[in-house]
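Participant: Sequence isn't available, so here's the structure alone:
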């Protein structure tokens, strides 16, 4: 029974790290087929681009775009776009210089809706010389996720040690 509990704890610890590992490997979470968010995490004064593949929208379909988020009213994006003849679409979003936060860009047309999420991080001045690099001080992994996974591995390891000592004492 103790071996099974140990195995479950170790497996849970490994599974706790799996999404983080996958995200670190690809840089983004899976998107629906036919949609790509180029640079889903940007800094102020950068641009995120949402690309819809061919046949995602109807040919020449008018699409309305709305943005919600920290300072969506000051963001730059085209609120009315039209799909290309093949149904593809490319739309750009630029947050304001002080617009750190998460934005939801909703694309709505006759053939459906799609919401893209863009995160704006690291409040730096847009006028900074691009030749001058600043140190990165933030982490990309939530600390509670690391601590939780490490805790599960520690519990599983402790259970193995206790079982080994009990077995040795009983021999």
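Facilitator: Looks like it arrived, so ask away. This one's a predicted model, so the numbers in the text were calculated from it and none came from an experiment. Numbers count the residues shown, from 1 in each chain.
Participant: Quick one: the helices in the protein, in order.
Facilitator: 2-26, 143-170 (DSSP state H).
Participant: hey, least reliable of these by pLDDT?
Facilitator: For those, the weakest mean pLDDT is recorded on helix 2-26, namely a mean of 60.
Participant: neighbours around the nearest residue to residue 3 once chain neighbours are set aside, how many?
Facilitator: Leaving out its chain neighbours, the residue that sits closest to residue 3 by Cβ to Cβ, 6 or more residues apart in numbering is residue 163, at 7.0 Å. For glycine as for every other residue, the C-beta is placed from the backbone atoms N, C-alpha and C. Look at residue 163: counted by other Cβ atoms under 10 Å, it has 15 neighbours.
Participant: how close does residue 163 get to residue 154?
Facilitator: Between residue 163 and residue 154 the computed distance is 15 Å (Cβ to Cβ, to the nearest Å).
Participant: Residue 167 now?
Facilitator: In terms of Cβ to Cβ, residue 167 sits 20 Å off from residue 154.
Participant: number of nearby residues for residue 79?
Facilitator: Using other Cβ under 10 Å, the number of residues around residue 79 comes to 9.
Participant: Check it and give its pLDDT.
Facilitator: For residue 79, pLDDT reads 90.
Participant: Would you confirm that residue 46 contacts residue 94?
Facilitator: Yes - counting by Cβ atoms under 8 Å, residue 46 touches residue 94, with 7.3 Å between them.
Participant: Settle it for me: which of the two has more neighbours?
Facilitator: residue 94 (18 against 14).
Participant: who's that one bridged to?
Facilitator: In this entry, residue 94 is beta-bridged to residue 76, by DSSP bridges.
Participant: residues touching it, list them.
Facilitator: Residues in contact with residue 94 (Cβ atoms under 8 Å, 6 or more residues apart in numbering) are 45-48, 75-77.
Participant: Relative to residue 101, how far out is it?
Facilitator: Taking Cβ to Cβ, one finds residue 94 at 14 Å from residue 101.
Participant: Fine by me, thanks again.
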